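Novice: My questions are about this predicted structure, shown below with the sequence.
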Amino acid sequence: MGLPTCDLGKWNTKVGRKHQRGPSPGAALPLPAAPFHSSFGLACPPAHLPLGELSLEAGTTTRDFTQLNELQCRYPRRLVVLGFPCNQFGHQENCQNEEILNSLKYVRPGGGFQPTFTLVQKCEVNGQNEHPVFAYLKDKLPYPYDDPFSLMTDPKYIIWSPVRRSDVSWNFEKFLIGPEGEPFRRYSRTFPTINIEPDIKRLLKVAI
């Protein structure tokens, strides 16, 4: 089973967006054809979307994948979690798209693990070929709110060009997006995924 590509731009439009639901976990999302220029391309009421770049070899893989599942299960109809596998950080995501789900199931986290959230096909989140979603998110949220200073612990791991201060620094950075598609907050790779929940509750309460 392969992974879907991602087109958040087709999820919603300004017209009628109040009456639409977000895609269910596992929904197929085709690759976007153009950059995002407004929040409408990400609007997905009543859902909120933490998006993050993932690697199966990262040190916090088990913790973060498990906590992503937990958040999706706690808010099955009002939260949409998307994971973007990426191989730009230490070449830690070497699996092909069709191999990623098996690696999750049998290697890390292992034990038959299956994501309850949507994983899309591998993409680049920094540099010349960065995914349009991340170009938009980084423009709106240039750095993680909990760590505005760190970019990369070792410059030798920077393998993309051009390099910008707003670049994603490592696997498992997270972005939280509000119900109108407006990026709300960005979290560093060291910020525990489950600790995003208070912000999710805040946005859900505002959206009621």
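Specialist: Done, it's in.

Novice: now the protein, which segments are flagged as low pLDDT?
Specialist: Scanning the chain for pLDDT under 70 picks out 1-59, 152-153, 206-208.

Novice: which residues of it fall in strands?
Specialist: Secondary structure of the chain (DSSP state E): strands located at 49-54, 82-85, 118-119, 174-177, 183-187.

Novice: any chance of these in TSV, with mean neighbour count and distance to Pro144 too?
Specialist: C-beta coordinates here come from the backbone N, C-alpha and C atoms, glycine included. Output for the strands of the chain, formatted as TSV (neighbours: other CB atoms under 10 Å; distance: least, CB to CB, whole Å):
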stretch	mean neighbour count	distance to Pro144
strand 49-54	25	11
strand 82-85	22	16
strand 118-119	22	22
strand 174-177	24	8
strand 183-187	21	5
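
Novice: Just put those in CSV and tack on distance to Gln72.
Specialist: Below are the strands of the chain laid out as CSV (distance: least, CB to CB, whole Å):
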stretch, distance to Gln72
strand 49-54, 9
strand 82-85, 10
strand 118-119, 9
strand 174-177, 13
strand 183-187, 16
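
Novice: Out of these, flag the one nearest Tyr145.
Specialist: strand 183-187 (5.6 Å; CB to CB).

Novice: helices or strands next to the closest one in the packing?
Specialist: When contacts are defined as 3 or more CB pairs under 8 Å, 6 or more residues apart in numbering; DSSP states H and E, strand 183-187 packs onto helix 132-140, strand 174-177, helix 197-207.

Novice: Name the residues of the first one that are buried.
Specialist: With burial defined by 16 or more other CB atoms under 10 Å, the residues of helix 132-140 counted as buried are Pro132, Val133, Phe134, Tyr136, Leu137, Lys138, Lys140.
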